[in-house]
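In: My questions are about this predicted structure, shown below with the sequence.
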Amino acid sequence: MSLSTTILTDDFTRDDLEPTLGKGDAEQIVVRNGTSWKCPTYVQRLPPCRDACPSSEDIRGYLTTIAQADKVKMSIEDALDEAWYRLTDTNPMPAIHGRICPHPCETGCNRKHLDDGSVAINNMERYVGDHGIRRNLKLTMLTKEKKHKSVAIIGSGPSGLSCAYQLARRGYEVTIYEAFEKAGGMLRYGIPDYRLPPAVLDAEIQNILDLGVKLKCNTRVGKDVSVAKLKKKYDAIYIAIGAHKGSAMGLEGENSANVFTAAGFLNRVNTGAKVDIGSQVVVVGGGDSAMDAARVSLRLQSDMDEAEADGDETAYNKARAALDAAHQEEGNVISTEKTAVDSARIVRRVSKYSKVTLLYRRTKDEMPAIAKDVVEAEHEGIEFQLLSTPVGLETQGGRVVAIKCIRMELGAPDASGRRSPVPIKGSEYSVPCDTLIMGIGQVPELEEGMEDLANKWGWLTANNTHQTKDPQIFAGGDVLGLGISTRSVGQGRVAARAIDGYLKGVPYQLPHKGKPIKTEQMRMSFYKPAPRNEEEAIPIEEAVKGFVETTQTITTTQALAEAKRCMSCGLCFACDQCRIFCPREAIHKDMKRPKGRVMFTDYTRCNGCHVCHMACPCGYIQMGMGL
């Protein structure tokens, strides 16, 4: 075969090599370079999607399992099964979270820097989760050993279920105590059916219970059974009661009969209670904004990058901890605002004759609710009155008849760089209403025996392994502070491992969190444009008629195409670029080897020219000591 291109150079960078790598047939390009004492080493790096996922799902792992099915001669069905098992190792409820998660993983995805946008990870999670339900796949145990120790879990929301799953698969006897009639917590009583169908919720909860987890519903710990009694009966306790009590605005008249908190309203609707809302409903969304949290995150990310560039590990770790805290606060905000938007959309379904107005003190761009849900809410006819905030209530006969509001404007940036909403003098106005719903926050309802573990604001406190000041009791989820459901799942998993360590007498330590790979360490031009595969929405006129699910899971064809959009950041995906461009034919491929070891180097032939490192798209190949 004739060689159309030859590169002769003693010292070059990936940028120097790129124009040639992108030309013609790769098999007809040879690169000849100088030698060095360094040879390729294969270093698995942390992908930014997993770094951003609060439950640490192996996103790259399950996506590349699907994408590479044909390369390893695996059927699509078997590849999807394997993807489900990989995904459920850390999150046993993928079909649920593929529907409700605001997907911070997609914000982390390196593909967002390309024109076609980040991988549709949330859509893929839903697809893989639905595949598991359809195939009746069962969650796996980690051991056959039955441990003679038991754990009580208080609360069956996402955190309690996650902890129960991880403990049960480790051989422990687990019993969940649930105050409500059915398991699920806010997944069942705080999320409307059109976002999370009960059949999906029931299927994934049952899969966890099938591991031998016992469930006691209609049992409120602290009233029906005491915490002290549980401490005597069980070897450890995990409190995951959530935060079901809605916060009030502090305005006179808000205790009127026609005023609800968003959490209370959602609960009443989801339990089938009749709610008389009238023809004019006003929903108030409050709290901070996602844009504010994002701006703080950007500043912290800059600090972290600067510390990494300077090689200052202490400063890097400090900035990293601050950034993680900012992401947690952003989850708090999203969780709070979501109840307001959900409440407004439910009203349109409860009564098609009701006019629904949502008041928000900032602009729509700063609203932390998931963007597509805000768009859908508008399409469903919900009126947004932005840059407005309530300042009083008008009442007649024990009912609120109007909300007194004042218009706001965004003022000068404060110390964090965010623009604060400032009241405009003389801009007061009133909005008439038959029902008022307050979506400004939630707090836990602590029962007897839990108050001693709380701080002065009424939230439980625990260390980074979720152990409280009582070493026998652990806590996690929204009872520690509001956040997204995926965070609660992650906390339940960490707590389970800490409880396992506690019961074995070996304190659990959190693993070191590596640095995620960045686009600067990859060859981004290798990845060809490929459009995102989006879910289809049902017609709006059909959506508002009832509580049917408003979006449809992507098809198998879409899922296979979307999986191939994953760039496998930091782990070999057998693209063959290193082998093709190696001038000494020192690199070989064996698809029967485990993932990450498919490509390997004959170091007796390598002369350290660095070409494989330059050609590798995913940043997996580093240059280290050789022969």
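Out: The structure has been received and is ready for your questions.

In: Can you spell out the domain ranges of this protein, please?
Out: 5-44+574-625, 48-137+517-563, 150-244+448-501, 247-289+328-442 (automatic domain parsing).

In: So for Leu510, which of those sits nearest?
Out: Minimum separation from Leu510 across the domains of the chain (CB to CB) falls at domain 150-244+448-501, 6.0 Å. (Each C-beta comes from the backbone N, C-alpha and C, glycine too.)

In: Can you give me the end-to-end span of the closest one?
Out: 13 Å (CA to CA, to the nearest Å).

In: chain center to that domain: distance?
Out: 19 Å (CA atoms, centre = their mean, to the nearest Å).

In: and if you look at stretch 122-135?
Out: Worked out by CA atoms, centre = their mean, stretch 122-135 lies 16 Å from the chain centre.

In: pLDDT averaged over that stretch, what's the number?
Out: Mean per-residue pLDDT for stretch 122-135: 98.

In: Pull out the buried positions in it.
Out: Asn122, Asn123, Met124, Glu125, Arg126, Tyr127, Val128, Gly129, Asp130, His131, Gly132, Ile133 (16 or more other CB atoms under 10 Å).

In: again, but for stretch 63-83
Out: So, applying 16+ other CB under 10 Å, buried residues of stretch 63-83: 63-69, 74, 79-83.

In: Same question for stretch 180-194.
Out: Applying 16+ other CB under 10 Å to stretch 180-194 flags 180, 182-194 as buried.

In: One more: stretch 373-383?
Out: Across stretch 373-383, burial judged by 16+ other CB under 10 Å covers Asp373, Val374, Glu376, Ala377, Glu380, Ile382.

In: of all those, which comes closest to Thr357?
Out: Distances from Thr357 to the buried residues of stretch 373-383, taken by CB to CB, are shortest for Ile382, at 7.6 Å.

In: Could I get the domains of the chain in a markdown table, plus columns for distance to Gln509?
Out: Shown next, in a markdown table, are these (distance: least, CB to CB, whole Å):
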| stretch | distance to Gln509 |
| --- | --- |
| domain 5-44+574-625 | 21 |
| domain 48-137+517-563 | 16 |
| domain 150-244+448-501 | 8 |
| domain 247-289+328-442 | 20 |
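
In: and those, which is most packed in?
Out: domain 150-244+448-501 (a mean of 21; mean count of other CB atoms under 10 Å).

In: tell me the mean pLDDT for stretch 344-360?
Out: Mean per-residue pLDDT for stretch 344-360: 72.

In: just the strands in the stretch 151-300 of the chain please.
Out: Taking DSSP state E, counting those that start in this stretch as the criterion, the stretch 151-300 of the chain contains strands spanning 173-177, 214-216, 236-239, 245-246, 259-261, 280-285.

In: Going by distance to Thr143, which of the buried residues of stretch 180-194 wins?
Out: Looking across the buried residues of stretch 180-194 and measuring by CB to CB, the closest to Thr143 is Ala183, at 24.6 Å.

In: Do I have it right that the closest one meets Glu204?
Out: No. Counting by CB atoms under 8 Å, Ala183 does not reach Glu204; the two are 10.5 Å apart.

In: With Gly242 as the reference, measure out to Leu482.
Out: Distance, Leu482 to Gly242, using CB to CB, to the nearest Å: 9 Å.

In: now the longest strand out of those in the chain: how far from the chain's centre is it?
Out: Taking DSSP state E as the criterion, the chain has its longest strand at strand 399-413. In terms of CA atoms, centre = their mean, the centre of strand 399-413 is set 32 Å apart from its chain centre.

In: Which strands and helices lie in contact with it?
Out: strand 388-396, strand 419-423, strand 429-432 (3 or more CB pairs under 8 Å, 6 or more residues apart in numbering; DSSP states H and E).

In: which residues touch the nearest residue to Gln166 once chain neighbours are set aside?
Out: Spatial nearest neighbour of Gln166, chain neighbours left out: Ala496 (3.4 Å); criterion: CB to CB, 6 or more residues apart in numbering. The contact partners of Ala496, taken as CB atoms under 8 Å, 6 or more residues apart in numbering, are Ser162, Cys163, Tyr165, Gln166, Leu167, Arg170, Tyr238.

In: same thing but at 10 Å, please
Out: Neighbour list for Ala496: 151, 153, 162-170, 172, 174, 236, 238, 466, 474, 476, 508 [criterion: CB atoms under 10 Å, 6 or more residues apart in numbering].

In: Just the ones in helices from those residues, please.
Out: Ser162, Cys163, Ala164, Tyr165, Gln166, Leu167, Ala168 (DSSP state H).

In: Make CSV out of those and add pLDDT and distance to Cys433.
Out: Shown next, in CSV, are the ones in helices among the contacts of Ala496 (pLDDT from 0 to 100; distance: CB to CB, whole Å):
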residue, pLDDT, distance to Cys433
Ser162, 98, 39
Cys163, 98, 41
Ala164, 98, 42
Tyr165, 98, 43
Gln166, 98, 45
Leu167, 98, 47
Ala168, 98, 47
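
In: can you redo the buried residues of stretch 373-383 as a markdown table with pLDDT, distance to Ala52 and secondary structure?
Out: A markdown table is the format used below for these (pLDDT from 0 to 100; distance: CB to CB, whole Å; DSSP: H, G, I helix; E, B strand; the rest coil):
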| residue | pLDDT | distance to Ala52 | secondary structure |
| --- | --- | --- | --- |
| Asp373 | 75 | 20 | helix |
| Val374 | 77 | 21 | helix |
| Glu376 | 78 | 24 | helix |
| Ala377 | 79 | 26 | helix |
| Glu380 | 79 | 30 | coil |
| Ile382 | 82 | 30 | coil |
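
In: where along the stretch 51-200 of the chain do the helices fall?
Out: Along the stretch 51-200 of the chain, counting by DSSP state H, counting those that start in this stretch, helices occupy 59-67, 76-88, 94-100, 104-108, 121-134, 158-168, 186-189, 198-209.

In: quick revisit: wait, which of the domains of the chain is closest to Ala315?
Out: Short answer: domain 48-137+517-563, nearest of the domains of the chain by CB to CB, at 17.8 Å.

In: How far off centre is the closest one?
Out: 12 Å.

In: circling back to that earlier point, quickly list what's touching both of Leu482 and Gly242.
Out: Gln442, Pro444, Ser488.

In: Angles on the backbone of the last one, please.
Out: This points to Ser488. When read as degrees, to the nearest 10, the backbone of Ser488 gives phi -60, psi -40.

In: Thought Val259 was touching Glu252, still the case?
Out: No. Judged on CB atoms under 10 Å, Glu252 makes no contact with Val259 at a distance of 11.5 Å.
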